[in-house]
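Chemist: Quick one, structure for this:
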Amino acid sequence: MKKLMMLFCFLTTILNAQYKLTTVVNHPLQPHQNNKPFQPQFLIHKHNEKSLSYQIQGFISSFGHYKKSLKKIKTENQIHQNTLYIKHTIVTKKGFGKEGAYIIGYNFQQQKQVKIPKSIQTIILTLYNEDQRIITTDTIRL
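Modeler: Below you'll find the model as predicted:
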């Protein structure tokens, strides 16, 4: 039964692979173009007993002789007792080439929607980097 619930949760997660990526530039001669790195966080749009709609946002630092940008955000779901754990892992791609002198990184945003099984009372969202270090976490009680 537990495996069936995990499979149900995994299959009903709607993954939107579209993400928004913007360059963060710090140019001293053009201060109106300066934009700030996003704070890593989950922005909850709406939630009820059946579904959860939220946005993931964060910042990827990239400068020097290796360009680093977002490849994808992997999502894993687990159910333990009455809690749904949703783990997001940021996967970056590294390439050769020098970044522009004023580029300090990239902001990213991605919309997500999850259908929630009936027995779930708590949802824990966690964002990890590639080294499996927690960047941010959020808890939602239904």
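
Chemist: how about low-confidence regions in the protein?
Modeler: 1-17, 27-34, 98-99 (pLDDT under 70).

Chemist: And the strands in it, which stretches?
Modeler: 13-14, 19-25, 41-47, 51-61, 66-80, 83-96, 103-115, 122-128, 134-141 (DSSP state E).

Chemist: Quick one, which of these gets closest to Asn35.
Modeler: strand 19-25 (5.6 Å; Cβ to Cβ). All C-beta atoms are positioned from the backbone trio N, CA, C, and that covers glycine.

Chemist: Please point out which parts of that closest one sit buried.
Modeler: Residues Val24 are the ones in strand 19-25 that count as buried (16 or more other Cβ atoms under 10 Å).

Chemist: Next, the angle from it to strand 66-80.
Modeler: On the basis of axes from the mean of the first three to the mean of the last three Cα atoms, to 10 degrees, strand 19-25 is oriented at 140 degrees to strand 66-80.

Chemist: What strands line up against strand 19-25, and which way round?
Modeler: Partners of strand 19-25 in the sheet, by DSSP bridges, are strand 103-115 (antiparallel).

Chemist: Now do the strand it pairs with and strand 51-61, the angle between them.
Modeler: 170 degrees.

Chemist: Buried residues, strand 103-115. List them.
Modeler: Residues of strand 103-115 classed as buried: 103-108, 110, 112, 114 (neighbour count, 16+ other Cβ under 10 Å).

Chemist: Pick out the residue nearest the middle of this structure.
Modeler: Nearest to the centroid of the C-alpha atoms of the chain, with distances taken as Cα atoms, centre = their mean, sits Ile56, at 4.0 Å.

Chemist: Next up, the contacts around Leu21.
Modeler: Neighbour list for Leu21: 69-70, 106-108 [criterion: Cβ atoms under 8 Å, 6 or more residues apart in numbering].

Chemist: at 7 Å instead, please
Modeler: Counting by Cβ atoms under 7 Å, 6 or more residues apart in numbering, Leu21 makes contact with 69-70, 106, 108.
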